[in-house]
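Enquirer: Provide a 3D model corresponding to the input given below.
(chains A and B)
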Amino acid sequence: MSGIIGKKIGMTSVFGADGKYLPCTVILAGPCLVSQIRTKSNDGYDAVQLAFDDKKDKQSTKAELGHFKKVNSGAKRKIVEFREFPETPELGSEIKVDLFSEGEFVNVIGTSKGKGFQGVVRRHHFGGVGMQTHGQHNRLRAPGSLGASSDPSRVMKGMRMGGHMGHERIKIQNLQVIKVIPEQNLLVIKGAVPGHIGAYVIVEK
Amino acid sequence: MDLVKFAEESINGKRETPEFKAGDTVTVHYKIIEGSKERIQQYQGVVLQRKGSGVTQTFTVRKVSNGVGVERIFPLSSPKIDKIVVDKRGIVRRARIFYLRGISGKKARIEEKRS
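Expert: Prediction:
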């Protein structure tokens, strides 16, 4: 699966051909440097390593600088490996946004916005407990019973409870590409994409 | 946010609309598709407000039709708007003239700007 690394720029809406509003996300996609090519004989698997977004030399470690020295480049901020690129690109070449075409469907992977510690109502869409009246108080948004009593005298595995929500890897499938703007390396995709503005996303074909 | 604006413009293009604000009387020529036929409907009224920015900017037009107040919200850069004609420029003191909803008759007059 070929793909590209990008950065979420923001959302807007545009008019489609039938005059309807389409909500869409603008992504700054590439250009990505082909920083390494992994082969079955060397590494045990075939993959193409892409790198995106320049990093200052003084912020980079010597290990990073050494890795990118082989392709005559400074270090980059985001490195992702793609397996099964349809045709292996040349080492040191650039993958640009013209990889995609308008109307095509793509998958977008990102890290969702962190929501912190959330209760069961928000995290698992529980309904809360009972009513607000008849003397009931202070357990409106409680999870209720966690299970049966002395048999099995434990809480079942996987019981949905409160906890940390968000900030996890999310893949959104089948988003349509509305427009590719190669001059500015922009990709306009219909619908929402996980993550905050400025977050790195992976767009795969 | 500049890149977002650039993307908006490269998809829908920059659209020239006449300058108008709340208190002005405008006629909106709106394309209506009936089956396979397309015709243009005119809608005249007073602009109550302009809302939003960029491609998503909208404006509200109010008119009194058979004694019933009617308000329509148009997206400013919608391709279904054929053209907007400014008929009268009114003098009002605020950007959103919702007070017009509660009054009728002589009180609902808007002073016209003479140039």
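Enquirer: give me the neighbour count for residue A:30.
Expert: Neighbours of residue A:30 under the rule other Cβ atoms under 10 Å in any protein chain shown: 23. Yep, even glycine has a C-beta here, placed from its N, CA and C like the rest.
Enquirer: dump the residue contacts of it.
Expert: Applying Cβ atoms under 8 Å, 6 or more residues apart in numbering or on different chains, one finds that residue A:30 lies in contact with A:4-6, A:52, A:94-97, A:185.
Enquirer: among those, which two are most distant?
Expert: Across the contacts of residue A:30, the two members that end up farthest from each other (Cβ to Cβ) are A:6 and A:94, 14.0 Å apart.
Enquirer: who's more crowded, the two?
Expert: Taking residue A:6 and residue A:94 together and counting by other Cβ under 10 Å, residue A:6 has the greater number of neighbours (29 against 12).
Enquirer: quick one: name the residues of chain B near chain A.
Expert: Within reach of chain A by Cβ under 8 Å from any Cβ of the partner chain, chain B has these residues: B:1, B:3-4, B:6-8, B:10-12, B:31, B:54-56, B:75, B:77-80.
Enquirer: could you identify the buried members of the residues you listed?
Expert: Those of the residues of chain B next to chain A that meet the buried threshold are B:3-4, B:6-8, B:10-12, B:55-56, B:75, B:77-80, by 16 or more other Cβ atoms under 10 Å in any protein chain shown.
Enquirer: now for these: which two are most distant?
Expert: B:3 and B:80 (27.1 Å).
Enquirer: now do the strands in chain A.
Expert: In chain A, strands defined by DSSP state E lie at A:3-15, A:21-29, A:32-38, A:47-54, A:76-83, A:94-95, A:105-111, A:116-118, A:163-165, A:169-181, A:186-190, A:200-204, listed in chain order.
Enquirer: let me redo that: chain B
Expert: Under DSSP E, chain B gives strands at B:25-34, B:37-51, B:58-65, B:68-75, B:81-88, B:90-91, B:111-112.
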